[in-house]
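K.L.:
Please work out how this folds:
(2 chains)
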Protein chains: 2
Amino acid sequence: MVLAPEAQDLLFRRARTANSFAPEPVTDAQLRAIYDLLRWAPTSANTQPLRITALRTPAAKARLIPLMAEGNRAKTESAPVTLLLSADRRFDEHLPRLLPHAPQMREMFADPQAREAAADYNATLQAGYAILAIRAAGLAAGPMLGFDPAGIDAEFFPSGRRHVVLVVNIGRPGVDPWFDRLPRLDYAEVVETL
Amino acid sequence: MVLAPEAQDLLFRRARTANSFAPEPVTDAQLRAIYDLLRWAPTSANTQPLRITALRTPAAKARLIPLMAEGNRAKTESAPVTLLLSADRRFDEHLPRLLPHAPQMREMFADPQAREAAADYNATLQAGYAILAIRAAGLAAGPMLGFDPAGIDAEFFPSGRRHVVLVVNIGRPGVDPWFDRLPRLDYAEVVETL
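P.N.:
All right, here's what the predicted structure looks like:
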């Protein structure tokens, strides 16, 4: 490993999914720093479909809470900021600027089904980068899939061009913030060499 | 940012998608170190569906090359190791061990369609972690989506329980290894605060 041990700990080894948060706010500067890091990680054909909606005000949170699974409501209320990570299914509108040397790539996304699959796939890849970028900022991430996706899309993205792929609470860990570390699969169960 | 600037550069800012590779081999110890890092990053319900097939021998590479898009063949031949990242769609068999406190979660994956969607989603999230873990090991990653997915599944995963989500060349960068850096979306285009 070239990455320093303390960085390995910060991003992977000691970082934990937080289930409670301290009241300390998450600033706009922190959100900018997180995006300024994650945006450099790669997406296919440089599509960058990830969009981020940061919910901070009580009014915004109140729109989300009933759409979360019951077990995710208290922690979502306790987080200073909750991020809706969504896929922009019309990411192709930006391609002439993002991929100027390959204008023919846009034709690959002419079919709506192929375009939506590419949007959701790349936004999910970027969600992985986002979790590590949040940790890089010294914040705890609490990613959740227990929510009503159609409800969130209708409530927050009424134009129909976005689809939520992950909801992530962020902030400083609160009281008793995590469960015991769960086991991971062994190398021999995951990796084969041919 | 709490993450040190050199670690930000290694993982995000200076890291680039490599399109050619030096002949220096990638060792089993490096593959183990990469997995030992990425395995700690989170998946929903601790499902960990990602599986990795590391192709190193000429015989294994020869099975893959015709299934890659033409523009991806030369670089895939030049890489000392090519990783097939796939989703194990029967990841639920491991859940009694991976999520011992919540045996009821396995019922959520009884429906094959829901189970396959969860497998592909979480393996894609883990593919994002994997790209950063490869960079953490000091190697360049060359992720590619230009391949025949049904062909790779049939050739490498004939049992039908796995589905390829990404192919990644890894190694030291070779001659003239990357294109100019492509633009990224601005903060205001990606992030909104409510």
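K.L.:
How far does the least confident helix or strand in chain A by mean pLDDT sit from its chain's centre?
P.N.:
Lowest on mean pLDDT, DSSP states H and E among the helices and strands of chain A sits helix A:105-108, with a mean of 87. Remark: helix A:105-108 is offset 26 Å from the chain centroid, using CA atoms, centre = their mean, to the nearest Å.
K.L.:
by contact count, what packs against it?
P.N.:
Helix A:105-108 sits against helix A:95-98, with contacts defined as 3 or more CB pairs under 8 Å, 6 or more residues apart in numbering or on different chains; DSSP states H and E. Bear in mind the C-beta positions are built from the backbone N, C-alpha and C, glycine included.
K.L.:
So the helix it packs on, near chain B or not?
P.N.:
Yes: Helix A:95-98 lies within reach of chain B by CB under 8 Å from any CB of the partner chain, at A:97-98.
K.L.:
try stretch A:178-194
P.N.:
Yes: applying CB under 8 Å from any CB, one finds stretch A:178-194 in contact with chain B at A:179, A:182-185, A:187, A:189-194.
K.L.:
Residue A:51: what's it in contact with?
P.N.:
A:85-88, A:123, A:162, B:190-192 (CB atoms under 8 Å, 6 or more residues apart in numbering or on different chains).
K.L.:
Any of the residues you listed buried? List them.
P.N.:
Burial by neighbour count, 16 or more other CB atoms under 10 Å in any protein chain shown: within these this picks out A:85-88, A:123, A:162, B:190-191.
K.L.:
Which members of those residues are positioned in helices?
P.N.:
A:123, B:190 (DSSP state H).
K.L.:
Just name the closest of the buried ones among the contacts of residue A:51 to residue B:42, please.
P.N.:
Nearest to residue B:42 among the buried ones among the contacts of residue A:51, counting by CB to CB, is residue A:85 at 13.8 Å.
K.L.:
so which strand or helix has the spatially most central residue of chain A?
P.N.:
Nearest to the geometric centre of chain A sits residue A:127, at 3.5 Å (CA atoms, centre = their mean). In this assignment (DSSP states H and E), residue A:127 forms part of helix A:112-136.
K.L.:
in that helix, what counts as buried?
P.N.:
For helix A:112-136, a neighbour-count test (16+ other CB under 10 Å) marks A:115-116, A:118-136 as buried.
K.L.:
any idea which of the buried ones among the contacts of residue A:51 is the one closest to residue A:50?
P.N.:
The closest of the buried ones among the contacts of residue A:51 to residue A:50 turns out to be residue A:123 (CB to CB; 4.6 Å).
K.L.:
ok, that closest one - contacts?
P.N.:
For residue A:123, the contacting residues are A:49-51, A:85-88, A:165, by CB under 8 Å, 6+ apart.
K.L.:
Which ones among those lie within strands?
P.N.:
Filtering the contacts of residue A:123 for membership in strands, criterion DSSP state E, returns A:50-51, A:85-88, A:165.
K.L.:
Give me the distance between stretch A:147-162 and the centre of its chain.
P.N.:
For stretch A:147-162, the distance to the chain centre is 16 Å (CA atoms, centre = their mean).
K.L.:
any idea of the mean pLDDT for that stretch?
P.N.:
Summarised as a single mean, pLDDT over stretch A:147-162 is 97.
K.L.:
Only the buried residues of that stretch, if you could.
P.N.:
Under the neighbour-count criterion of 16+ other CB under 10 Å, stretch A:147-162 has A:147, A:152-153, A:156-157, A:161-162 buried.
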